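J.: please work out how this folds:
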Amino acid sequence: MKKALIFTVLLCGLFLSAQDEKQSTEIVALNKKATTFFYTQKDSAYVYFNKVYDIAKKNNDSKNLIQTLFSLTGVANYHRDMKTMGANLEKLDSLLVTEKKGHTNFSSTDDYNIFLYFRGAYHFQLSEDSDARKAFEEIILNVNNKADSLQSKTLQSLTSVAHSFLGKIYLSERKFDLAKQLYNKNIREILASENLDQEALHGNFNLLAEVLMYEKKYDEASTYWIKTLKYNQQKNNSNAVIANSFYVAQNFNQLNQRDSALYYLEYAKSVLNDNPVFYPKYHILKSDIFAKNEEYDASLTELEKAVDKIQNTTGNTRSLFLASTYIEMGKINDLNGDPEKALSNYRYAEKQFKKVGNRSINELKLLKNKAHTLNGIHEPKYFLASLETVDEAIHLLNDLKPTFKSQQDKLLLIEDAFPIIESGLEAIYTLHASKADDSLIDKAFYYLEKSKSVLLLEALLNAKATEFANIPHEVLERESQLKSKITFIEKKLNTSKTGNFELEGELFVLKNDHLNLIQKIESNYPAYYNLKYGTKVISLTKTQDLLEKDELLISFFYGNNAIYAISIENNTKKIIRLPIDSEFETSITKIYRMLSNPKSDAMALGRTTYAIYEQLLAPFLKSTNQKKVIIMADGLLNYIPFAALNTNPEGINYLAESHAISYVNSATLLSELRQRQPKEHTVLAFAPSFDGTVNVSNADRGKLLPLPSNKKEVEQILSSFDGRSYIDEDASLLNFKSQLSSFGMVHLATHAIFDDTAPEYSYLAFSQNGNPTEDLLYVADLYNLKIDADLVTLSACESGLGDLKRGEGFMSLARGFFYSGAASIASTLWKVNDASSATLMGSFYKNLSKGDAKDVALQKSQLHFLNTNRDNGLSHPYYWSGFVISGNTLPLSLSFNWVWTSIGAIVILVGGLFYFRRRRT
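T.: Below is the predicted model of the structure:
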């Protein structure tokens with residue numbers, strides 16, 4: 001159940017002390033008595049406030065009527081008396097409308113905003129988030145429309161609380177990043193104020209801790225909650241003490257600290273004072289503790305008690321709380337070996353959701369659990385029912401996805417959806433094994449496509465939508481400016497050693513402005529919205545049409561329990577399932593470690609990679625026509641360069657010796673990338689120099705040692721293609737940005753640094769000018785650039801690595817270049833050798849200039865390097881297999897030199913024909 005946000009400063013400071021000093025002695029006395037019972041005995045508080053209300057009504061004193069109704073509503077809000085609160089709001093609505101019509105100075109008072117606060121709180125507690133959001137957003141709008149000098153303390157406090165409530169709504173929608181932005185804003189402003197408001201500060205600490213718990217940052221959450229609990233104990237804020245104790249208990253349970261969880265739970269119970277509002281949560285938390293220790297019968301008993309208590313509540317809160325509890329009961333039934341009972345409880349939950357009407361993220365949990373339970377019965381009709389459930393979940397995801405604006409929140413939504421997709425694949429694989437219906441493979445492929453690269457595809461569709469939706473230039477320019485400013489400030493904060501309240505405040509305003517602008521664009525330009533959030537993915541049949549005769553595409557899904565793989569050729573398709581165990585995942589980790597270490601034993605590496613080859617690829621590689629393999633990797637498979645897998649059980653033969661390997665995030669993305677019109681193929685190449693010295697303004701530069709071969713690498717490339725190079729100090733970020741639009745290919749022979757703590761601030765280094773914001777290109781910068789290149793080569797260490805996200809792959813520099821519009825990218829999976837990189841890249845571009853497809857060009861380059869070094873240590877895969885090619889691998893159009901060579905040949909041929917014809921005549 002959602003907990004009301006209790007802020008004593010509002011309930012007492014705003015509604016009690018703000019009363020007219022000229023009130024009668026009788027009213028003052030009655031208000032004083034009522035206040036003593038405000039938090040402890042609601043009925044007594046009602047009695048005294050109602051006496052004030054009667055006096056004011058008798059005297060036709062509208063001001064005291066409004067103030068007293070605020071006080072009565074405040075008591076009802078604190079004690080969760082929703083019936084009384086609703087009745088009071090109706091009276092206030094009538095009075096305030098009359099006041100607004102009758103008094104020209106009404107807008108200068110805070111009464112209407114206080115009313116909006118209560119209306120928002122009322123709808124929030126009834127889980128009517130849409131109405132609650134409108135009320136709180138109206139408060140914020142009223143504040144923004146009033147000059148700072150005209151804002152009262154009441155209005156400022158209301159704004160803070162409105163942000164907190166909106167944060168709670170975001171939290172319920174699992175939009176954690178947006179919630180944290182609001183809470184941190186409040187905390188910054190409270191800490192920066194002259195008079196530190198401890199009540200509000202700890203209230204926001206409590207809210208921030210809740211987000212941290214949901215993000216599984218349990219230790220950090222506990223730090224805030226223990227601090228807040230101690231404060232509320234000192235202040236005798238009983239409701240807040242109960243809420244804090246519940247959260248601390250829940251957090252300790254997640255940390256598998258049963259005794260501590262039970263201690264805080266029972267402590268909360270001792271403070272309950274028979275308040276019926278809190279008992280459902282008490283029983284649910286106790287159920288969680290039992291379930292964590294596999295005491296399922298005891299867990300179900302507690303949930304049944306919770307359902308009994310919830311029956312006494314009203315409104316949407318009752319339905320949503322019941323739905324949530326029935327979902328938990330179904331989950332425990334399933335764990336306890338009673339799937340039919342689980343399905344019964346899921347049906348109860350579905351009925352409760354239907355009563356509410358509005359679909360929400362909570363239904364996703366229901367569908368996820370339901371599909372898992374249906375599969376567990378292992379009967380065909382239940383597998384079919386599971387597929388219907390998965391289809392419903394995907395439809396719900398399509399509806400929910402556009403409401404998630406933060407990339408971090410979208411990633412979490414995708415993470416939540418993965419088990420649903422896995423349940424669908426499990427049902428399909430089992431059904432296909434029993435009746436060999438190949439149409440099931442088409443459905444499995446659809447599920448795989450829905451799980452892959454959702455954000456990257458959305459970014460590409462966003463660019464297309466912007467182009468075709470006729471959005472005014474000034475609107476797009478404003479959006480571009482906001483994104484650029486946001487990135488600039490984020491970089492400053494990321495490189496700063498200490499916090500900066502002023503910058504953090506500015507960043508919050510910019511992000512809020514950007515969010516509002518995007519929402520306005522989506523609202524005003526339906527064509528843009530429909531293109532950007534298009535949910536259609538390419539079908540298996542259309543993918544077959546996309547492939548050349550010698551191409552084999554293999555799409556992997558790396559689930560919690562198994563890997564599913566689908567292979568597609570022009571006229572064939574196949575699905576396999578590979579169970580995942582700790583041994584398999586250990587092998588993947590071992591392979592990557594050995595590949596990225598030139599001193600590892602190549603024969604031992606070959607034996608390990610052969611086992612992976614046998615499991616993942618051998619079932620599909622049966623035809624001699626298969627010359628090219630397109631890999632759609634997932635999960636840990638992203639770490640493996642498939643070209644380096646050994647295909648020989650007796651010795652070593654690398655997959656690269658028989659197949660050209662490329663990668664793409666999804667077939668839908670491949671289709672989009674292959675629609676690109678090629679550009680003139682001239683090369684923009686950069687080879688900055690480094691000396692390893694540390695610059696005070698950017699200590700990271702001290703990690704950047706000289707690259708002796710990068711200039712040679714650039715020279716070799718420009719011997720195959722026309723273009724322009726920037727060497728040493730000329731290889732600046734400024735030159736890079738200014739020249740981008742003029743070239744069809746971009747080659748960066750430089751250093752890349754992967755930041756595992758903040759992946760979006762991994763960077764490529766350019767020539768040093770003393771300012772880290774002007775000589776480093778971060779992943780975050782790439783989201784604001786337009787690089788309309790057919791090929792970007794990142795000849796730099798670990799440029800293809802990043803934070804690994806399910807379905808999305810690495811959040812890497814390479815991925816960032818796809819965001820900025822590149823059609824294909826060559827990148828690296830480890831710290832590559834400078835000299836071997838120069839050799840590989842020289843022959844790679846030479847092959848490209850001859851008209852080879854990009855994957856074939858890289859294959860030939862790797863094979864040439866391997867064959868040249870068969871008898872020495874450079875044959876180790878470390879030296880040649882670290883480069884991978886992703887995206888659209890179709891051949892480049894002929895280079896300038898080759899075009900003129902072809903034209904010359906044609907002229908000679910035509911001239912010869914003309915000569916012989918003349919001789920005959």
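
J.: which strands and helices sit next to the helix or strand hosting residue 352?
T.: If you go by DSSP states H and E, residue 352 is part of helix 339-356. In terms of contacts (3 or more C-beta pairs under 8 Å, 6 or more residues apart in numbering; DSSP states H and E), helix 339-356 is packed against helix 315-335, helix 361-376. Heads up, the C-betas are built off the backbone N, CA and C, glycines and all.

J.: and the contacts of it?
T.: 127, 316, 319-320, 322-324, 326-327, 329-331, 333-334, 359-360, 362-363, 366, 369-370, 373-374, 376-377 (C-beta atoms under 8 Å, 6 or more residues apart in numbering).

J.: are any of those residues buried, and which?
T.: Neighbour counting over the contacts of helix 339-356 (16 or more other C-beta atoms under 10 Å) leaves 127, 316, 319-320, 322-324, 326-327, 329-331, 333-334, 360, 362-363, 366, 369-370, 373-374, 377 as the buried ones.

J.: now residue 63: how far from residue 52?
T.: Taking C-beta to C-beta, to the nearest Å as the measure, residue 63 falls 12 Å from residue 52.

J.: more crowded one of these two?
T.: Neighbours were counted for residue 63 and for residue 52 using other C-beta atoms under 10 Å; residue 52 has more, 28 against 16.

J.: what's the helix or strand encompassing that one packed up against?
T.: Assigned by DSSP H and E, residue 52 belongs to helix 42-58. Under the contact definition 3+ C-beta pairs under 8 Å, 6+ apart, helix 42-58 sits against helix 25-36, helix 62-78.

J.: and the angle from the last one to helix 25-36?
T.: The directions of helix 62-78 and helix 25-36 differ by 10 degrees, with axes from the mean of the first three to the mean of the last three C-alpha atoms, to 10 degrees as the criterion.

J.: for stretch 24-35, the distance to its chain's centre please.
T.: Stretch 24-35 has its C-alpha centroid displaced from the chain centroid by 53 Å (C-alpha atoms, centre = their mean, to the nearest Å).

J.: so for it, what gets flagged as buried?
T.: Quick answer for stretch 24-35 (16+ other C-beta under 10 Å): 27, 30-31, 33-35.

J.: need these in CSV (columns: distance to residue 885 and pLDDT).
T.: Shown next, in CSV, are these (distance: C-beta to C-beta, whole Å; pLDDT from 0 to 100):
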residue, distance to residue 885, pLDDT
27, 80, 84
30, 80, 88
31, 76, 85
33, 79, 87
34, 75, 86
35, 73, 85
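
J.: okay, now the closest residue to residue 763 other than its chain neighbours: neighbour count?
T.: Nearest residue to residue 763, sequence neighbours excluded (C-beta to C-beta, 6 or more residues apart in numbering): residue 776, at 4.3 Å. Neighbour count of residue 776, defined by other C-beta under 10 Å: 23.

J.: dig out what residue 776 forms beta bridges with.
T.: residue 765 (DSSP bridges).

J.: gap between it and residue 361?
T.: 37 Å.

J.: what's the weakest-modelled helix or strand in this structure?
T.: Sorting the helices and strands of the chain by mean pLDDT, DSSP states H and E puts helix 8 at the bottom, at a mean of 37.

J.: domain-wise, how is this protein divided?
T.: Domains of the chain are assigned by automatic domain parsing as 1-173, 454-532, 540-663, 670-896.

J.: buried deepest among the ones you listed, which one?
T.: Neighbour counts (mean count of other C-beta atoms under 10 Å) averaged over each of the domains of the chain peak at domain 670-896, with a mean of 20.

J.: state the mean pLDDT of that domain.
T.: The average pLDDT within domain 670-896 is 81.

J.: same check on stretch 114-132?
T.: The model assigns stretch 114-132 a mean pLDDT of 84.

J.: kindly list the longest helix within this structure.
T.: Of all the segments of type helix in the chain, defined by DSSP state H, the longest one is helix 407-435.

J.: what comes into contact with the very next helix or strand once past that helix?
T.: Going down the chain from helix 407-435, the next helix or strand is helix 439-451, by DSSP H and E. Residues outside helix 439-451 that contact it (C-beta under 8 Å, 6+ apart): 387, 390, 394, 397, 414, 417-418, 421, 424-425, 428-429, 431-432, 537-541, 543, 555, 557, 564, 566, 568, 573-575, 632, 666-668, 807.

J.: what ranges do the helices span in the stretch 51-200 of the chain?
T.: 62-78, 82-102, 111-125, 129-144, 153-172, 176-192, 198-214 (DSSP state H, counting those that start in this stretch).

J.: reformat these as TSV; add distance to residue 843.
T.: Shown next, in TSV, are the helices of the stretch 51-200 of the chain (distance: least, C-beta to C-beta, whole Å):
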stretch	distance to residue 843
helix 62-78	73
helix 82-102	74
helix 111-125	64
helix 129-144	59
helix 153-172	52
helix 176-192	45
helix 198-214	51
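
J.: do you know which of these lies nearest residue 637?
T.: Proximity to residue 637, assessed across the helices of the stretch 51-200 of the chain by C-beta to C-beta, is greatest for helix 176-192 (27.7 Å).

J.: the closest one - contacts with which helices or strands?
T.: Secondary elements touching helix 176-192 (3+ C-beta pairs under 8 Å, 6+ apart): helix 153-172, helix 198-214, helix 407-435, helix 501-524.

J.: what sits against residue 790?
T.: Here residue 790 is in contact with 676, 678-679, 681, 744-745, 822-824, 888, 892 (C-beta under 8 Å, 6+ apart).

J.: change it to 7 Å
T.: Residues counted as contacts of residue 790 (C-beta atoms under 7 Å, 6 or more residues apart in numbering) are 678-679, 681, 744-745, 823-824, 892.

J.: hang on, the earlier thing: could you dump the domains of the chain into a markdown table and include distance to residue 183?
T.: Below are the domains of the chain laid out as a markdown table (distance: least, C-beta to C-beta, whole Å):
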| stretch | distance to residue 183 |
| --- | --- |
| domain 1-173 | 5 |
| domain 454-532 | 11 |
| domain 540-663 | 31 |
| domain 670-896 | 20 |
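
J.: out of those, which is closest to residue 237?
T.: Short answer: domain 1-173, nearest of the domains of the chain by C-beta to C-beta, at 7.0 Å.

J.: how far does the closest one sit from the chain's center?
T.: Per C-alpha atoms, centre = their mean, the centroid offset for domain 1-173 relative to its chain is 37 Å.

J.: okay if I get the helices and strands packed on helix 42-58 as TSV plus distance to residue 762?
T.: Shown next, in TSV, are the helices and strands packed on helix 42-58 (distance: least, C-beta to C-beta, whole Å):
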stretch	distance to residue 762
helix 25-36	57
helix 62-78	47
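
J.: what does stretch 267-278 contact?
T.: Residues contacting stretch 267-278 (C-beta under 7 Å, 6+ apart): 80, 238, 241-242, 245-246, 249, 282, 309, 312.
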